[in-house]
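K.L.:
I need the structure of the sequence given here:
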Amino acid sequence: MNSRFLLLATLVAIVFLQACSSLLVDDLPPFIAQQRAMAQAEQSKGELASALDHWRIVHLAVPGDLKASQQISELEGELKKKAANAYRKGLAALKSGRNRRAEKYFVAALAAQPADPAPLKQLRKIKSLRMNTLQHDKTSKRLLAGEADKNKAYAQQPAVPVVDERLRSHVRRIKAYLAADQLFQADAQYQHAAQIVSADEVASAQLAALRDSLADSYYQHARRLIRSDLDKAIEYLQISLRYEPDTTAQNLLRRSRLIRDKLTKIQGASGGEKNN
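P.N.:
Got it, this is the predicted structure:
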C-alpha cells in the first residue's frame, strides 16, 4: 500500500480518536449522525472525495455499519473512474500541446486518487517542460539581442504584430457578457467571432481560451438549475457540450433527461386520474 495513503488513513484515525476521546459516550451517536449527514451532503454536491472521508470516519466508529461500508466501496469505485477519465483527458490535452488544460486534468485525477503516482509524474513533466521553455526563451532573447547588435538595420525594423480590432472587439464583448452572467449573449458573440478569419494571433488565442470558459460557465449554471428549472438546465448542458464534449456534462445531461421523462409520465398519469 502506498505510504501516502497509509499516512492519510493514520491521520484520519488519529483525528477521529481524538474527537471521540473528548466526547461523552452519550454524545457519540449525534457525532456519528453528523458525519453521516455531512457525507450525504457532500455526495449530493458531487464532492465525492470529501464524502468518502466522512464515511470512513463513520466506519472507524462503527466497523460493522453496512451502509458506511457500501458507500465507501461505491465512492472508491467512482473516484477511481473519475481519476482514470481525468488522466485520459490530461494525456490527450498534453499530446495536443494544451499543457495548461492537461495540468488541470492531472490535478483533478490526483485529487480523486492521491495514492496514484501517474498524474503526479505527468505534473512534474509539465513543470519540467515549462522550465525548459522559459530557459529556451531566455537563451533566444540573448541570441536575438546579440544579433540585433550585429545588425542594427534589422533592429530598427521590428516586426509589427497584426491587430484585428474587429476580432478583439468580439473578444472584449464575450468577456464582458461572461462577467455579467449573460451567457446567451456571450454565446451569440462567440458564434460571430468564430466566423472571422484573422492573422491576429493574440486575439485568436484569447478566443480559443474563451471557448473553455463558455463550456464551463454553461455547465456550472446547469448544475445550479437542476433542482429549479430542469428544462433550462438541459438546454445549458447541450450548449456546454457543443463547446466541449465533456464526459461529466454528458452524464449529467443523460440523468437530467431521465428525470424529466419520469416527471412527464407522472404528470401525465396524474392528469389522467383527474379526468377519470
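
K.L.:
From here on, just use CA atoms for contacts and neighbour counts.
P.N.:
Will do.

K.L.:
tell me the domain boundaries of this protein?
P.N.:
Domains of the chain are assigned by automatic domain parsing as 3-125, 165-266.

K.L.:
State the pLDDT value of R88.
P.N.:
We have a pLDDT of 91 for R88.

K.L.:
whoops, I mixed them up, D149
P.N.:
According to the predicted model, the pLDDT of D149 comes to 60.

K.L.:
what about stretch 79-86, distance to the chain center?
P.N.:
12 Å (Cα atoms, centre = their mean, to the nearest Å).

K.L.:
I'd like the next helix or strand past the lowest-mean-pLDDT helix or strand in the chain.
P.N.:
Among the helices and strands of the chain, helix 3-21 carries the lowest confidence by mean pLDDT, DSSP states H and E, at a mean of 46. Sequence order places helix 28-44 as the next helix or strand after helix 3-21, per DSSP states H and E.

K.L.:
Contacts for the following helix or strand past that next one next, please.
P.N.:
Going down the chain from helix 28-44, the next helix or strand is helix 48-61, by DSSP H and E. Helix 48-61 is contacted from outside by 12-13, 16, 32, 35-36, 38-43, 65, 68-69, 71-72, 75-76, 79, 111-112, using Cα atoms under 8 Å, 6 or more residues apart in numbering.

K.L.:
again, only using 7 Å
P.N.:
Under the contact criterion Cα atoms under 7 Å, 6 or more residues apart in numbering, helix 48-61 has outside partners 16, 32, 35-36, 38-40, 42-43, 65, 68-69, 72, 75, 79, 112.

K.L.:
got the angle between that helix and helix 28-44?
P.N.:
Counting by axes from the mean of the first three to the mean of the last three Cα atoms, to 10 degrees, helix 48-61 lies at 160 degrees to helix 28-44.

K.L.:
Run the angle between whichever helix or strand comes after helix 48-61 and helix 28-44 for me.
P.N.:
Using DSSP H and E, the helix or strand that directly follows helix 48-61 along the chain is helix 66-95. Relative orientation of helix 66-95 versus helix 28-44 (the same axes, to 10 degrees): 30 degrees.

K.L.:
Just give me how far stretch 200-209 sits from the chain centre.
P.N.:
How far stretch 200-209 lies from its chain's middle: 22 Å, per Cα atoms, centre = their mean.

K.L.:
May I see the buried residues of it?
P.N.:
For stretch 200-209, burial by neighbour count (16 or more other Cα atoms under 10 Å) applies to 203-204, 207.

K.L.:
How about stretch 29-48?
P.N.:
For stretch 29-48, a neighbour-count test (16+ other Cα under 10 Å) marks 31-32, 35-36, 38-40, 42-43, 48 as buried.

K.L.:
Return the member of the residues you listed nearest to Y236.
P.N.:
Ranked by distance to Y236 (Cα to Cα), those are led by Q43 at 22.7 Å.

K.L.:
Now do the same for T139: its pLDDT.
P.N.:
T139 is given a pLDDT of 63.

K.L.:
Just send the buried residues of stretch 29-48 back as a markdown table, with pLDDT and distance to A86 too.
P.N.:
Putting those into a markdown table (pLDDT from 0 to 100; distance: Cα to Cα, whole Å) gives the following:
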| residue | pLDDT | distance to A86 |
| --- | --- | --- |
| F31 | 82 | 34 |
| I32 | 83 | 33 |
| Q35 | 85 | 28 |
| R36 | 85 | 28 |
| M38 | 89 | 26 |
| A39 | 82 | 23 |
| Q40 | 86 | 24 |
| E42 | 84 | 20 |
| Q43 | 81 | 19 |
| L48 | 82 | 14 |
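
K.L.:
coming back round to it: could you export the domains of the chain as CSV, including distance to L134?
P.N.:
Converted to CSV, the domains of the chain look like this (distance: least, Cα to Cα, whole Å):
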stretch, distance to L134
domain 3-125, 14
domain 165-266, 19
